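A.B. asks: sequence and predicted model, in that order:
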Amino acid sequence: MSKDTTLPDNARHTPISMDGNPTIDERANHCFGCGPANPQGLHLHFTTDTSNPQAITATCHFQLDRMHEGPPGHIHGGIVAALLDEAMSKLNRPLNVLAMTRHMEIDYLRPVPLYKPLVLIGRHLSRPAKADGTPGRKFFHQGEIQLPDGTVLARSKGLFIAIDEKLLAAGLAQTET
Ligand SMILES: CCCCCCCCCCCCCC(=O)SCCNC(=O)CCNC(=O)[C@H](O)C(C)(C)COP(=O)(O)OP(=O)(O)OC[C@H]1O[C@@H](n2cnc3c(N)ncnc32)[C@H](O)[C@@H]1OP(=O)(O)O
């Protein structure tokens, strides 16, 4: 019996159809947000919760220091954007899709402190169906940076567009040396 690929699967790191075709990111592992091989990266580690398939989450506990300073004692706004983008993008794989950020908007609600434990959360909001009722390419997600007591410091909404995995795999094959 074939597996239902529309359901989230938190045991996997890539969509089923990508078996044997790791992404560029996975091969190099230099992703600025989560790649362990990037010495300048943020080294974020997420835990995904797919217990409610309609509202899956990705959560990361992190703390940054002066390397990422913007306003004195606080995280640079561009890094805040990178954190939120990363949290939202981490929802795509449990949803069994490869997708890239097409649009995101950010509310910078409070300055985000350095040297303090913080919580980064991505939440899947919706995947509107196409006109014919089949699953669409657009994934809407939300991201938040919170203090441990739940106070929200920054919030994002993002639109991610699913990429054709066959084209991606073909592109990777051409880059093999
Ligand atoms: C080298 C590549 C490697 C890839 C590895 C991936 C692994 C994962 C990596 C993890 C990365 C982590 C995350 C990162 O940081 S990813 C890094 C940052 N993102 C990028 O670099 C993405 C660059 N953009 C693209 O490549 C293309 O634009 C993509 C592929 C995303 C879509 O191009 P495509 O030509 O296919 O689609 P489209 O442009 O017609 O738009 C699609 C639909 O969206 C609608 N729309 C647009 N704006 C809005 C809006 N504001 N509100 C509502 N809707 C809006 C628009 O009307 C259209 O709708 P419709 O007309 O179809 O109904």
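C.D. replies: Nice, thanks for sending it over. These numbers come from a predicted model, not from an experiment.

A.B. asks: ok, the longest helix seen in the chain near the ligand or not?
C.D. replies: Of all segments of type helix in the chain, defined using DSSP state H, the longest is helix 77-89. Yes. With Cβ under 6 Å from any ligand atom as the measure, helix 77-89 is seen reaching the ligand through D85, S89. In short, each C-beta sits where N, CA and C put it, glycine included.

A.B. asks: output that helix as CSV, restricted to C-alpha atoms.
C.D. replies: Taking Å, rounded to 0.1, in the frame of the first residue of the first chain, the C-alpha atoms of helix 77-89 are listed here in CSV:
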residue,chain,number,x,y,z
GLY,A,77,16.8,43.0,12.6
GLY,A,78,18.2,41.0,9.6
ILE,A,79,19.1,38.1,11.9
VAL,A,80,15.6,38.3,13.4
ALA,A,81,14.3,37.8,9.9
ALA,A,82,16.6,34.9,9.3
LEU,A,83,15.5,33.2,12.5
LEU,A,84,11.8,33.6,11.6
ASP,A,85,12.4,32.4,8.0
GLU,A,86,14.2,29.4,9.4
ALA,A,87,11.5,28.5,11.8
MET,A,88,8.8,28.7,9.1
SER,A,89,10.9,26.8,6.6
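
A.B. asks: next one: that helix to chain centre, how far?
C.D. replies: 8 Å (Cα atoms, centre = their mean, to the nearest Å).

A.B. asks: and that helix, which residues are buried?
C.D. replies: I79, V80, A81, A82, L83, L84, D85, E86, A87, M88, S89 (16 or more other Cβ atoms under 10 Å).

A.B. asks: ok, the third one touching E105?
C.D. replies: No. Between A81 and E105 there is no contact, the gap being 10.0 Å when judged by Cβ atoms under 8 Å.

A.B. asks: quick revisit: how about the buried residues of helix 77-89 in a markdown table, adding pLDDT?
C.D. replies: Formatted as a markdown table, the buried residues of helix 77-89 follow (pLDDT from 0 to 100):
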| residue | pLDDT |
| --- | --- |
| I79 | 98 |
| V80 | 98 |
| A81 | 98 |
| A82 | 98 |
| L83 | 98 |
| L84 | 98 |
| D85 | 98 |
| E86 | 97 |
| A87 | 98 |
| M88 | 98 |
| S89 | 97 |
